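K.L.:
What follows is a protein structure lacking sequence information:
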């Protein structure tokens with residue numbers, strides 16, 4: 001067969017990728033998918049439902065149909081299977097809240113200035129991921145269920161037996177965001193006593209979620225900075241989901257030492273991350289997330305399993321075990337807190 005001729009199509013599609021994000025984000029904000037939840041509608045009906053000109057509704061719905069999120073038949077639009085399942089507000093599988101995170105103005109600005117970040121070696125934003133009181137983390141806590149729920153369920157499956165065997169077990173969920181990891185474990189392990197830690201500005205969301213799940217009696221909220229605030233403990237297990245990728249290796253090791261000091265000997269540390277491939281590219285999700293960290297943090301990036309193993313073993317942990325569930329794009333590492341060495345007898 002003759003070799004395939006070069007084509008710029010892939011390049012153009014990549015350059016135009018932000019357009020698809022903008023169209024989908026607008027449709028979620030305007031309530032287009034909810035307007036179509038009861039059945040096919042003409043552009044004029046969509047326009048009336050979302051309060052916009054018919055011309056605008058027609059252009060938006062045609063764009064969504066070209067992306068496979070709507071079907072158009074006889075000038076009427078209906079939801080695709082994926083849109084009906086994941087983009088109709090109020091349905092249990094609703095994932096539209098993720099748009100508030102992925103399309104947050106701060107992240108859009110970060111990638112608009114990505115070339116500057118590359119030259120600088122880190123974010124050039126005045127307000128970034130590590131800015132104290134960053135409002136993005138409130139948005140994240142309120143809208144991360146689509147990401148967090150499946151991962152929290154998997155984390156619970158990794159820790160539940162260990163926790164149940166040590167009932168009443170003490171658990172710390174650090175930089176907890178929505179609190180869903182610790183709360184999911186508490187919901188399945190009646191003997192678990194969970195501490196949820198995050199910034200003061202995130203705590204209202206955490207407390208609300210705790211009350212909604214009826215877990216207030218077994219859950220303590222600890223507002224503070226994980227680098228400076230006392231972690232409490234000792235704990236039987238610590239959960240650190242999507243924490244370490246924000247920092248340099250040295251900072252990660254400092255944080256891991258804090259976690260080790262807060263664990264009982266034999267305790268477990270569960271780290272949830274995008275673990276990069278050893279070649280840097282074979283896990284595309286981790287490779288792209290490293291770019292997010294370059295744009296959004298001062299020194300963060302994703303790390304490979306070998307890099308995490310070195311960090312763990314240098315900071316008081318045994319080498320971690322890697323878990324890579326096929327239904328998720330991220331991975332889990334579980335490491336045991338090593339017992340302190342006893343001084344040799346003279």
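P.N.:
Structure received. The structure presented is a predicted model; accordingly, all values stated were derived computationally and were not measured.
K.L.:
so where do the strands sit in the stretch 101-250 of the chain?
P.N.:
170-174, 193-198, 219-223, 235-241 (DSSP state E, counting those that start in this stretch).
K.L.:
What is the first one packed up against?
P.N.:
In terms of contact count using 3 or more Cβ pairs under 8 Å, 6 or more residues apart in numbering; DSSP states H and E, strand 170-174 is assigned the packing partners helix 180-188, strand 193-198, strand 235-241. The C-beta positions use only the backbone N, C-alpha and C, and glycine is treated the same way.
K.L.:
Tell me where the stretch 1-150 of the chain is predicted with low confidence.
P.N.:
Applying pLDDT under 70 to the stretch 1-150 of the chain flags the ranges 1-2.
K.L.:
And the helices in it, which stretches?
P.N.:
For the stretch 1-150 of the chain, the helices defined by DSSP state H, counting those that start in this stretch occupy 9-15, 17-30, 32-35, 43-50, 54-66, 81-86, 98-102, 105-112, 114-120, 136-143, 145-164.
K.L.:
Export the ones you listed as TSV, with columns for distance to residue 332 and mean neighbour count.
P.N.:
As requested, these are exported to TSV (distance: least, Cβ to Cβ, whole Å; neighbours: other Cβ atoms under 10 Å):
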stretch	distance to residue 332	mean neighbour count
helix 9-15	30	9
helix 17-30	28	16
helix 32-35	32	22
helix 43-50	40	18
helix 54-66	35	18
helix 81-86	24	15
helix 98-102	20	17
helix 105-112	25	15
helix 114-120	29	13
helix 136-143	20	20
helix 145-164	6	19
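K.L.:
Which one, of the ones you listed, ends up nearest to residue 249?
P.N.:
helix 114-120 (19.1 Å; Cβ to Cβ).
K.L.:
ok, and what's touching the closest one?
P.N.:
Identification of contacts with helix 114-120 by Cβ atoms under 8 Å, 6 or more residues apart in numbering yields 110, 123, 124, 291, 294, 295.
K.L.:
just how off-centre is it within its chain?
P.N.:
Chain-centre distance of helix 114-120: 24 Å, with Cα atoms, centre = their mean, to the nearest Å.
K.L.:
do the same with stretch 87-96
P.N.:
Relative to its chain's centre, stretch 87-96 lies at 17 Å (Cα atoms, centre = their mean).
K.L.:
Quick one: residues in contact with that stretch.
P.N.:
Against stretch 87-96 from outside (Cβ under 8 Å, 6+ apart): 27, 28, 31, 33, 34, 37, 69, 79, 85, 86, 146.
K.L.:
show me the contacts for the third one.
P.N.:
So that's residue 31. 49, 50, 89 are the contacts of residue 31 under Cβ under 8 Å, 6+ apart.
K.L.:
Mind putting these into TSV with distance to residue 270?
P.N.:
Formatted as TSV, the contacts of residue 31 follow (distance: Cβ to Cβ, whole Å):
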residue	distance to residue 270
49	44
50	42
89	32
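K.L.:
ok so, going back, the contacts of stretch 87-96 into JSON lines, with extra columns for distance to residue 300?
P.N.:
Output for these, formatted as JSON lines (distance: Cβ to Cβ, whole Å):
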{"residue": "27", "distance to residue 300": "31"}
{"residue": "28", "distance to residue 300": "28"}
{"residue": "31", "distance to residue 300": "35"}
{"residue": "33", "distance to residue 300": "33"}
{"residue": "34", "distance to residue 300": "36"}
{"residue": "37", "distance to residue 300": "39"}
{"residue": "69", "distance to residue 300": "32"}
{"residue": "79", "distance to residue 300": "37"}
{"residue": "85", "distance to residue 300": "33"}
{"residue": "86", "distance to residue 300": "29"}
{"residue": "146", "distance to residue 300": "23"}
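K.L.:
give me phi/psi at residue 337?
P.N.:
Dihedral pair for residue 337: phi -70, psi 120, per degrees, to the nearest 10.
K.L.:
what pairs with it across the strands?
P.N.:
residue 317 (DSSP bridges).
K.L.:
So it versus residue 240, what's the distance?
P.N.:
Going from residue 337 to residue 240 by Cβ to Cβ, to the nearest Å gives 13 Å.
K.L.:
Beyond the longest strand seen in the chain, next helix or strand please.
P.N.:
Using DSSP state E to define each element, the chain has its longest strand at strand 263-273. For strand 263-273, the following helix or strand on the C-terminal side (DSSP states H and E) is strand 275-276.
K.L.:
Listing partners with orientation, what would you give for that following strand?
P.N.:
Using DSSP bridges, the strands paired with strand 275-276 are strand 303-304 (parallel).
K.L.:
can you list the residues that contact the strand it pairs with?
P.N.:
By Cβ under 8 Å, 6+ apart, strand 303-304 touches 244, 245, 249, 252, 273, 275, 276, 277, 278, 280, 311.
K.L.:
how far does that strand sit from the chain's center?
P.N.:
The answer for strand 303-304 is 17 Å, by Cα atoms, centre = their mean.
K.L.:
Stretch 50-65 now?
P.N.:
Chain-centre distance of stretch 50-65: 31 Å, with Cα atoms, centre = their mean.
K.L.:
Can you pull the phi/psi pair for residue 233?
P.N.:
Torsion angles, degrees, to the nearest 10, at residue 233: phi 100, psi -160.
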